[in-house]
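Engineer: Using only what follows, build the 3D model:
(chains A, B and C)
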Amino acid sequence: MSVTTEQVIIIDRVQLLDNDTEHRITIRDGHVESIVASSDASKETGPNVLVIDGQGQTAVRGLCDLYSRLREPGLTRKGSIATESQAALASGFTKVLCSPDTQPTIDSIATVQLIRQRAEAAQGAEILPIAALTVGLAGEQLSELATLQAAGCPAASQADVPVGNTNVLYSAMEYAASFSMPLFMTARDSQLGAGGCAHAGAMATKLGLPSIPVAAETVALARLLELCRETECRLHISRISSARSLQMIDAAKQAALPVTCDVALHHLFFTDEQLAGYDSTFHSEVPFRSLADRDALREGLRAGIIDAICTDHAPHDRDASLAPFPATEPGLSAYHWALPLILQLPELVGLPLNQVFEKLSAAPRRIIDGAEHTGMTEGEQADFFLLNKDAAVDPMKVSLESVGTNHPLNIHSAESLGLSPMLGRVSHAFLQSRHHPF
Amino acid sequence: MNETGTTVFDTQTVNSWLDGMLAPLMQLFDEQTPIALIGIRRGGVDVGTHLLAELKAQGVAVEEELGELNIAFYRDDFSSVGLHPVVGPSQVPFDIEDKHIVLVDDVLGTGRTVRAAMNEIFDYGRPAKITLAVLVERQGHELPIRADVVGHSLDVGKNEYIDLDASTMQVSVGKKS
Amino acid sequence: MSLADPQFNALGELHHFIDIDGLDKSLLTQILDTAEGFAGVNDRTIKNVPLLRGKTVANLFFENSTRTRTAFELAAKRLSADVLNVDLVTSSTNKGESLLDTLHVLEALQCDMFVVRHGESGAAHFIARHVSPSINVINGGDGQHSHPTQGMLDMFTIRRHKGDFSNLCVVLIGDIRHSRVARSDISALVKLGTGEVRVVGPRTLVPSDVESLGVTIFPTLEKALVGADVIMGLRLQKERMRTATVPSSGEFYRTYGLSPERLALAKPDALIMHPGPTNRGVEIAGSVADGKQSVILEQVTYGIAVRMAVMSIVMGNATNLRRAQS
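Structural biologist: Predicted coordinates for the structure are as follows:
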């Protein structure tokens, strides 16, 4: 992927999400200089001016992914910071929070620095490492959270590893609260449903798969919410999967607890029924649950109980899926199909597209630093992308962008999954004073 | 021959073929060796039932029940056409050892069915003698197997079928579709 | 929406026998009818037929089961196939060699059929999807999912004694949750049009969503047995006793054990079945297991004919496919 170096970039005749008249966006030295109606002024020309015809395209603020796995350090056969940060950018994500479940886990300054250096060299999406809440994610000793925060970790998390010891969890939340460091926690009991690989429902019963009941999520969620009440820790529930969890989070918000939550993009689409025939592309660490749960998640997003959408990106090498279903490694390689799926949400959820994108750009940024997104504001650094809503996804590009090909849409047609055609591609991205044409 | 190109031999004709088999068959029996009839499913069972009844009516000492063979598990074409539908299991309700077995089929063609049937018979025991009795003999032998007793010989080509309708005891000959 | 059923070949014929779910009634009936033919063979002094002469059947057992392996071995030998027993429980697959590598080695040895027993649910599906198309796969039990030849031999036993399924009331007792035998039996019974299929056991072993399989959950064994034509016990694994699943084998017998007194509640000619090995005094009283209504040993005997039927049908279909493709 090339990066252009012109001093001035003019994007002409481009639409905005909430305004479909044609606009002209001028970027000078990486900063947004002006956003005006195309008809308003005469166009600047010159040797250092790049003009992009934005007709038929929409400028969208850069997306922010609250939960992704880049697999580096340690698991680079599955993906690397270079490949995955490019894949993220090609899907409109300019900022990506990466899970601490690397090898080693992100519990030391050295690992944070390594990730940041690799990310800078990669020139893809901006990468922010999430600190491991406990050393090695072992759930025993706290990581140096203040140090990691200062080194650039916007949050701390236990990834997919529950903390069994409530004493440790209580301390961790109190300690994180001392530095106003948000905790990203996945609600999963350490014992109930342990060893499971599918939602406890009719499909798991039919297939004889070890299962994970909804209570494995809600029991853990209740514990987290009660500890949040006591510790006043900024608690972000990562990747909820059930209707009952939504009710609990709604009640917690009503009670003014400092709680937010997100849902993984694919949980808004898929259900446990799709495991029929042991289709391991639907094997997800947070399991796909019933149709009723899926519909409740859509409603929760519409009603605003769910604050944000993350990708839960989990690329794998081919060997990870060459095993009987329970032995396959869970997770979906999400980036390649993320944008077309996002573009189908307005119809499925009942939210206008700009509000759907809000859940993927402004909302996640508020969760990590409370700041408003300024990437398309005059005078600020440009951080947005041009979206061609009608361009088909190129299946051949999957392996070029991300190492992982483990996603249902890589083996099933959209139609067979009950989805509209997969349309939506990024043509240009602007971030950190760089311009990426795709 | 009727309008569809099928030749039908009526009940009377077919019964005369059957009756004609009895005398030559009985000539092959000797007093020392007990006799038993085995029909090859399905047509051979129909012919065998008829022959057994006639033999009993003539006072011949013969095994009370007809043995029935389903040769699906012995056919030589498994590796080219797979398993044939199993039309009821083989039933040989008597001891075969040292008996004179009259093996009955409706049509003798290539001889491969008889080969399979004889293999199966030997898995039940060692008969003293096997005699082959068929209602109709046609051309196209592929093995050194000939019938000892034949009801009727028909000169039909490879692309024609011969079918015995057990309910009416009529034989029809027509072109294979 | 879901992956294609790997059991059928390009002609729509049964190529692998993995799961009763996905087969229709006529195919199940064909298997039972063919098994009748082989049952006759097994009654003879010379018990083999030349059908699979020159074929090689590999028993790939990733999980110990002497009974099932022996039954498959005997079935293959009675079809005159060569049998290769590959004990994989202690072999390299447990030391990091991938399952697929093992399969490819056996393919290279030019086996024609794999009989697979594996501890993971879905393992047989996985293997069927990845073997060379010339190989037939028969599921000898995968995890908690399916044990289709056991299901079919149970159906064969029931049909021999009771004939038609439509008026039958069949009761399955005990560990439905973890039992692949229960899943295959339920699937086969439902497809064959069984009048009523009841399940009974503590809720730790009978999850509520088993009703989605087409059965009715009964609250007590006593209620479930009234009017029963067939009573199927299931093995309660030792590791499930004395845990949070079942407090003790004694309590299990007191609540769900098939005692002579309880048996009296069923129809007088009710069949007693069990896939074995039985835990006497846990699932079933010794006197009931050995009693005149018990057909537990017949099940074992018929298992040979049923497996011969399944093996010869799928291998015959492989022949058809080769012919169609040439």
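Engineer: can you list the weak-confidence ranges in the stretch 301-438 of chain A?
Structural biologist: A:395-402 (pLDDT under 70).
Engineer: Three-state assignment for the most centrally placed residue in chain B, please.
Structural biologist: Nearest to the mean C-alpha position of chain B, by C-alpha atoms, centre = their mean, lies residue B:105 at 0.9 Å. Three-state call for residue B:105 (DSSP: H, G, I helix; E, B strand; the rest coil): strand.
Engineer: contacting residues for it?
Structural biologist: Residue B:105 sits next to B:39-40, B:43-44, B:47, B:113-114, B:117, B:132-135 when contact means C-beta atoms under 8 Å, 6 or more residues apart in numbering or on different chains. Yep, even glycine has a C-beta here, placed from its N, CA and C like the rest.
Engineer: Excluding covalently adjacent residues, which one is nearest to it?
Structural biologist: Closest residue to residue B:105 apart from its sequence neighbours, by C-beta to C-beta, 6 or more residues apart in numbering or on different chains: residue B:44 at 3.8 Å.
Engineer: What number of residues are in the vicinity of that neighbour?
Structural biologist: Residues within reach of residue B:44, counting by other C-beta atoms under 10 Å in any protein chain shown, total 28.
Engineer: Of all residues in chain C, which one is closest to chain B?
Structural biologist: Closest approach between chain C and chain B, counting by C-beta to the nearest C-beta: residue C:316, at 3.1 Å.
Engineer: wait, does stretch C:183-198 contact chain A?
Structural biologist: Yes - Stretch C:183-198 is in contact with chain A by C-beta under 8 Å from any C-beta of the partner chain, via residue C:183.
Engineer: residues in contact with residue A:329?
Structural biologist: Taking C-beta under 8 Å, 6+ apart as the criterion, residue A:329 is in contact with A:283, A:316, A:320-321.
Engineer: and those, which are buried?
Structural biologist: Neighbour-count burial (16 or more other C-beta atoms under 10 Å in any protein chain shown) applied to the contacts of residue A:329 gives A:283, A:316, A:320-321.
Engineer: can you list these in JSON lines and add secondary structure and distance to chain C?
Structural biologist: Formatted as JSON lines, these follow (DSSP: H, G, I helix; E, B strand; the rest coil; distance: C-beta to the nearest C-beta, whole Å):
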{"residue": "A:283", "secondary structure": "coil", "distance to chain C": "10"}
{"residue": "A:316", "secondary structure": "coil", "distance to chain C": "15"}
{"residue": "A:320", "secondary structure": "helix", "distance to chain C": "11"}
{"residue": "A:321", "secondary structure": "helix", "distance to chain C": "10"}
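Engineer: quick check, nearest of those to chain B?
Structural biologist: The shortest approach to chain B among the buried ones among the contacts of residue A:329 belongs to residue A:321, at 34.1 Å (C-beta to the nearest C-beta).
Engineer: Residue C:5 versus the closest one, what's the distance?
Structural biologist: 19 Å (C-beta to C-beta, to the nearest Å).
Engineer: which residues does residue A:284 contact?
Structural biologist: The contact partners of residue A:284, by C-beta under 8 Å, 6+ apart, come to A:264, A:266-267, A:312, A:330-332.
Engineer: and it, that's in a helix?
Structural biologist: No - according to three-state DSSP, residue A:284 belongs to no helix; its state is coil.
Engineer: Mind pulling up the pLDDT for it?
Structural biologist: At residue A:284, the predicted lDDT confidence score is 97.
Engineer: picking that back up, pretty sure the residue of chain C closest to chain B sits in a strand.
Structural biologist: No - the assignment for residue C:316 by three-state DSSP gives helix, which leaves it out of any strand.
Engineer: Next up, the contacts around it.
Structural biologist: Contacts here follow C-beta under 8 Å, 6+ apart; on that basis residue C:316 touches B:78, B:81-83.
Engineer: Any residue of the worst-scoring helix or strand of chain B on mean pLDDT touching chain C?
Structural biologist: Across the helices and strands of chain B, mean confidence by mean pLDDT, DSSP states H and E is lowest for helix B:78-81: a mean of 80. Yes - Helix B:78-81 is in contact with chain C by C-beta under 8 Å from any C-beta, via B:78-81.
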